[in-house]
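Student: Take a look and give me a structure for this.
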Amino acid sequence: MIKIWVDDERPTPDETWYRCKSVFDTIFLLGALSQLAPDDDILLDIDHDSGQQQKWGGDFIKILEYLEDGYHDEPNPVPFIKVHFHSANPVGVKNMRAIVEHCPWMEEVER
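Tutor: Just a heads-up that it's a prediction; the model follows:
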């Protein structure tokens, strides 16, 4: 399993995680990993609010919107994605959870 920590402020839990601080970084990494390790499952541990949202692609929900919009209709869109939310924004988490529930190849997990 490939683990990606998406947060512009909090440090990664340990050295086994890829760290992305922006929407753009995360989308780039997901694209690269889908080419390098197409069969690996991915865990996105994701925040909602981005301090540099305008400069770096918006709040982190944009990552899930990108995955939903860009890959939802493909027969094998991306490796299976598990998502954990570590955001302190309850409305943001609710909105991200709605996207995950809509995509059959994403699953919310407790960590």
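Student: shaky segments in the chain?
Tutor: 52-57, 71-79, 111 (pLDDT under 70).
Student: where along it do the strands fall?
Tutor: 2-6, 18-20, 42-46, 81-85, 106-108 (DSSP state E).
Student: what residue is smack in the middle of this protein?
Tutor: With distances taken as Cα atoms, centre = their mean, Leu44 lies nearest the centre of the chain, 4.4 Å away.
Student: Thought Phe85 was touching that residue, still the case?
Tutor: No. Taking Cβ atoms under 8 Å as the definition, Leu44 is not a contact partner of Phe85, at 9.3 Å. For the C-beta atoms, the positions are set from N, CA and C on the backbone; glycine is no exception.
Student: Quickly list what's touching both of these two.
Tutor: In terms of Cβ atoms under 8 Å, 6 or more residues apart in numbering, Leu44 and Phe85 are not both contacted by any residue.
Student: so what's Asp47 up against?
Tutor: 6-10, 60, 85-87.
Student: quick one on the thing from earlier: need the contact list for the residue nearest to the centre of the chain.
Tutor: Contacts of Leu44 (Cβ under 8 Å, 6+ apart): 4, 6, 26, 63, 81-84.
Student: what about it, distance to Pro104?
Tutor: 16 Å (Cβ to Cβ, to the nearest Å).
Student: Ser87 now?
Tutor: 23 Å.
Student: Of these two, which one has the most company?
Tutor: Neighbours were counted for Ser87 and for Pro104 using other Cβ atoms under 10 Å; Ser87 has more, 18 against 9.
Student: my read: that one touches Ser50, true?
Tutor: No. Counting by Cβ under 8 Å, Ser87 sits too far from Ser50 to count as a contact (10.5 Å).
Student: which neighbours do these two share?
Tutor: Counting by Cβ under 8 Å, 6+ apart, the residues touching both Ser87 and Ser50 are Phe60.
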